[in-house]
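K.L.:
quick one, fold the following:
(one chain, ligands or ions: 1)
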Amino acid sequence: MKTNFSIRNRYRLLPLLFMALFFFFSCSKKEKEAQDYHDIKIEGQKEAELTAPPFVPKPVGDRAATKLVVNMEIKEEEGEMVDGVKYTYWTFGGSVPGSFIRTRVGDEVEFHLKNHPDNKMPHNIDLHAVTGPGGGATSSLVAPGHEKVFNFKTINPGLYVYHCATAPVGMHIANGMYGLILVEPEGGLPPVDKEYYIMQGDFYTKGAYGEQGSQPFDMNKAIKEQPDYVVFNGKVGAVAGDKAITAKVGETVRIYMGNGGPNLVSSFHVIGEIFDKVHIEGGDMINENVQTTLIPAGGSAIVEFKVDVPGTFILVDHSIFRAFNKGALGMLKVEGEENKKIYSGTTQEGIYLPEGGTIQNMPKENGTAKKVAAKTVPEQIKSGKELYGRTCFACHQSEGQGVPNAFPPLAKSDFLNANTERAIGAVLNGLSGEITVNGKKFNNVMTSQNLTDEEVADVLTYVYNSWGNNKTVVTAAKVKTVRAKPTPKPVASH
Ligand SMILES: [Cu+2]
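P.N.:
The predicted model follows:
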């Protein structure tokens, strides 16, 4: 009995022993790694290449750790948030986000923070890649016309946010004082074809979205976390149209994606792409086949994907009103050969009339077309106005003013007033590709509106007789002739 008992006891101890061994090995492994980065010998000295978004400096590759001198200049300067809206940005290096800094583990960074003499405010820098009080902030507070120098060693690989941490901290960040610093692992990240730098940020202005003129920062809205703008790279359209990022079919794209906040968390998504790899939160862990990745305020992610088909891929914060109403929308333009196996495009287009839909409104009685009494122009305008309020206003807005960089204005639109047939065609068939309305370029997609001839006539008559347009009256007969013409080109639908 006695021996039995003690043997059983000994077996009970075995799992404990394994656990102890496991902890011992895993801990000592961790400590060893951190120790390694600490002890990396440095060779020589060089000045860090700094780049403005959406570009990044050359990869570190297999270069040895070095003494890296970073010369960062703070500039307070006026820029444009969106057409006609001026905003005074505070920047690291003259851009929002600030200059991209690229290092490798073991580098000894000598950081020179210079506050331009024309600036009005003191600033400092907190780099999340720094191990030390304030991430450097406590050693870097610098007045206009001064320079501060401090040193740190990069001991953890990853993609880190840096930002100003001068009181009121929220205000300095809200004005654009953030950027990314990459610490590459030993030997560098695996090479890819294209690398880009994008950061999301939320902005708070006295006026509402698009309100013209110089717009000061609004502390109340910032405290309530109600931004007027949520944008990529500091302004609406910074990564869109002719400033879109680009790639060729077959290439692998890597985006160093950060979120400066100050308040919002980003649900980063690329419409029509799947991230093959995501370095979650900018760290070592890689997730694969991801649709949308969450990027915390003051955090980052590295996303990678191979582009297989040509087209324009839209980058968004999938909190989707931010994308379509506050500016969080960018573009990746991919050129190259179609691949119909991966994406066919529209293969068929037919009429779909569910019971209870449009079909019941069709002017038919006993198989013969009902005679519709011709409306007077005021009647047309009245029903056109109702239709506008149901259909068009979501994009073109209630007074036809449109949304800058997204939806062109219908108010006093030279594009509209110049050519009635073309306007009818846009409503019937949709419209895409670059157009210029009142001197502003738009490159977006209007889906075809599923309306009868009469409805198209009414809504356009309303539009033409509102907001300073040329008072054209569009008849259903005219719409019918345009409808009879072949569609000029196929239009993408969402
Ligand atoms: Cu600052």
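
K.L.:
surely residue 176 touches residue 97?
P.N.:
Yes - under the criterion of CB atoms under 8 Å, residue 176 makes contact with residue 97 at 7.4 Å. Just so you know, the C-beta spots here come from the backbone N, C-alpha and C atoms, and that holds for glycine as well.

K.L.:
overlap in contacts, the two.
P.N.:
201, 234, 260 (CB atoms under 8 Å, 6 or more residues apart in numbering).

K.L.:
ranking these by neighbours, who comes first?
P.N.:
residue 201 (30 neighbours; other CB atoms under 10 Å).

K.L.:
give me the element it is part of.
P.N.:
strand 194-203 (DSSP states H and E).

K.L.:
identify each buried residue in that strand, please.
P.N.:
For strand 194-203, a neighbour-count test (16 or more other CB atoms under 10 Å) marks 195-203 as buried.

K.L.:
which positions in stretch 220-232 come out as buried?
P.N.:
Buried, per 16+ other CB under 10 Å, within stretch 220-232: 221-222, 227-232.

K.L.:
typed the wrong thing, it's stretch 378-389
P.N.:
Buried, per 16+ other CB under 10 Å, within stretch 378-389: 380-381, 383-385, 387-388.

K.L.:
packing partners for the top strand by length along the chain?
P.N.:
Using DSSP state E to assign secondary structure, the strand with the most residues in the chain is strand 67-82. Applying 3 or more CB pairs under 8 Å, 6 or more residues apart in numbering; DSSP states H and E, one finds that strand 67-82 contacts strand 45-47, strand 50-51, strand 85-92, strand 100-104, strand 108-115, strand 229-232.

K.L.:
distance of residue 277 relative to the ion?
P.N.:
34 Å (CB to the ion, to the nearest Å).

K.L.:
now do that residue against residue 403, distance only.
P.N.:
Residue 277 is 34 Å from residue 403, where distance means CB to CB, to the nearest Å.

K.L.:
which element, helix or strand, includes residue 462?
P.N.:
Going by DSSP H and E, residue 462 is in helix 453-464.

K.L.:
so what touches that helix?
P.N.:
Here helix 453-464 has contacts from 372, 375, 377, 380-381, 383-385, 387-388, 391-392, 400, 410, 416-417, 420, 423-424, 427-428, 449, 451, 469-480, 483, using CB under 8 Å, 6+ apart.

K.L.:
look up the closest residue to residue 226, ignoring the ones flanking it.
P.N.:
Excluding its sequence neighbours, the residue lying closest to residue 226 (CB to CB, 6 or more residues apart in numbering) is residue 204, at 7.5 Å.

K.L.:
how many residues are close by that neighbour?
P.N.:
Other residues close to residue 204 by other CB under 10 Å number 25.

K.L.:
list the contacts of it.
P.N.:
174, 217-219, 221-222, 226-228.

K.L.:
restricted to helices, list those residues.
P.N.:
174, 219, 221-222 (DSSP state H).

K.L.:
how about those in CSV, adding pLDDT?
P.N.:
Formatted as CSV, those follow (pLDDT from 0 to 100):
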residue, pLDDT
174, 98
219, 96
221, 96
222, 96
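
K.L.:
among those residues, which one lies nearest to the ion?
P.N.:
Relative to the ion, the closest of the ones in helices among the contacts of residue 204 is residue 174; by CB to the ion it sits at 10.4 Å.

K.L.:
what are the pairing partners of the longest strand of the chain, and which direction each?
P.N.:
strand 45-47 (parallel), strand 85-92 (antiparallel), strand 108-115 (parallel) (DSSP bridges).

K.L.:
tell me which of these sits nearest to the ion.
P.N.:
Across the strands paired with strand 67-82, closest to the ion is strand 85-92 (CB to the ion), at 5.5 Å.

K.L.:
what lies in contact with that closest one?
P.N.:
Counting by CB under 8 Å, 6+ apart, 72, 74-81, 96, 98-99, 119, 121, 123, 125, 162, 164, 172, 175-179, 203, 205, 207, 210-216, 234 sit against strand 85-92.

K.L.:
also stretch 165-172?
P.N.:
90, 121-126, 134-135, 137, 141, 163-164, 217, 219, 222-223, 262.

K.L.:
contacts with the ion among the residues you listed, please.
P.N.:
Among the contacts of stretch 165-172, the residues that sit close to the ion (CB under 5 Å from the ion) are 123, 164.

K.L.:
inside strands: which ones of the contacts of stretch 165-172?
P.N.:
90, 126, 163.

K.L.:
neighbour-wise, which of the residues you listed leads?
P.N.:
residue 163 (28 neighbours).

K.L.:
where does the stretch 151-300 of the chain come near the ion, residue by residue?
P.N.:
164, 166, 172, 177.

K.L.:
for the stretch 1-150 of the chain, that is, sorry about that
P.N.:
Counting by CB under 5 Å from the ion, the stretch 1-150 of the chain sits next to the ion at residue 123.

K.L.:
okay, now the residue of the stretch 1-150 of the chain found nearest the ion: neighbour count?
P.N.:
Closest approach between the stretch 1-150 of the chain and the ion, counting by CB to the ion: residue 123, at 3.3 Å. When counting by other CB under 10 Å, one arrives at 24 neighbours for residue 123.

K.L.:
and it, what is it in contact with?
P.N.:
74, 90, 113, 115, 141-142, 164, 166, 172, 177.

K.L.:
hmm, 7 Å instead?
P.N.:
By CB atoms under 7 Å, 6 or more residues apart in numbering, residue 123 lies in contact with 74, 115, 142, 164, 166, 172, 177.

K.L.:
report the two of the ones in helices among the contacts of residue 204 separated the most.
P.N.:
174 and 221 (9.6 Å; CB to CB).

K.L.:
any idea how far residue 481 is from residue 475?
P.N.:
10 Å.
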